[in-house]
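K.L.:
sequence and computational prediction follow.
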Amino acid sequence: MPVIAGVRRAAVAVLGVAALTGCGSATLSAGQVRSAATTACTAARRRTDRLPTPTQPSESAAFLRGGIAALAPELTALAGLRPVAAQSADWNRALRAQNAELVALRAALRSLQRGADPVTTIAGLQRRLTPLEVRAGTAWRALAVPACATQ
C-alpha cells in the first residue's frame, strides 16, 4: 500500500517549539518563525518516518491513527507561532491546508472504522491529500521553510 506523504510529515514537536517561542503569544521575526517551524517539521519527519508502512489493507487504520496522533500536536505547535504580518498570508494558507489534511485523515479513519474498504478509502484519501499537500508545500516554500513542505 502506498505511503501517504501527508502523514509522513506529521509529528510531535510541541515542547521544542514552545521552548523556542516562549508559548507562542508574541510576534516572532521571520527568522524565528523559520527556525521554530523547521524544528517542528524536522522532528515530525523523524517521528513519522518511524511509522511502519502498511503492507496489507488491514493495517491502514493503525497507520492512520499513528499519523493523526503525530499530526495533531504538530499542527497545534505550528498554530502557536505568531509570524510577522508580512508572513501571515502564507502562514495561514499553510496551516489551513495542514488542518484540512488532518480532517481528511480523521474522516478516512472513521470510514475504515465503519467497515469501508481500505483500498478504496486510502485511494480516496490520497486524492484528497494531494492538492492540500501542494497548497501547503507552496506556502511553506514561500515562507522559506522547506522542512515543512512535502510536495
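P.N.:
Alright, I've got the coordinates.
K.L.:
going by C-alpha atoms from here, please, whenever you check contacts or count neighbours.
P.N.:
OK.
K.L.:
my guess is residue 78 contacts residue 37, does it?
P.N.:
Yes: counting by CA atoms under 8 Å, residue 78 does reach residue 37; the two are 6.5 Å apart.
K.L.:
more neighbours: which of these two?
P.N.:
Between residue 78 and residue 37, counted using other CA atoms under 10 Å, residue 37 has the larger neighbour count: 27 against 23.
K.L.:
any idea which helix or strand carries the more buried one?
P.N.:
helix 30-49 (DSSP states H and E).
K.L.:
hmm, which helix or strand of this structure has the shakiest average pLDDT?
P.N.:
helix 14-21 (a mean of 36; mean pLDDT, DSSP states H and E).
K.L.:
where does the chain have low pLDDT?
P.N.:
Applying pLDDT under 70 to the chain flags residues 1-25, 151.
K.L.:
change it to 90
P.N.:
1-27, 40-48, 50, 70-74, 76-77, 150-151 (pLDDT under 90).
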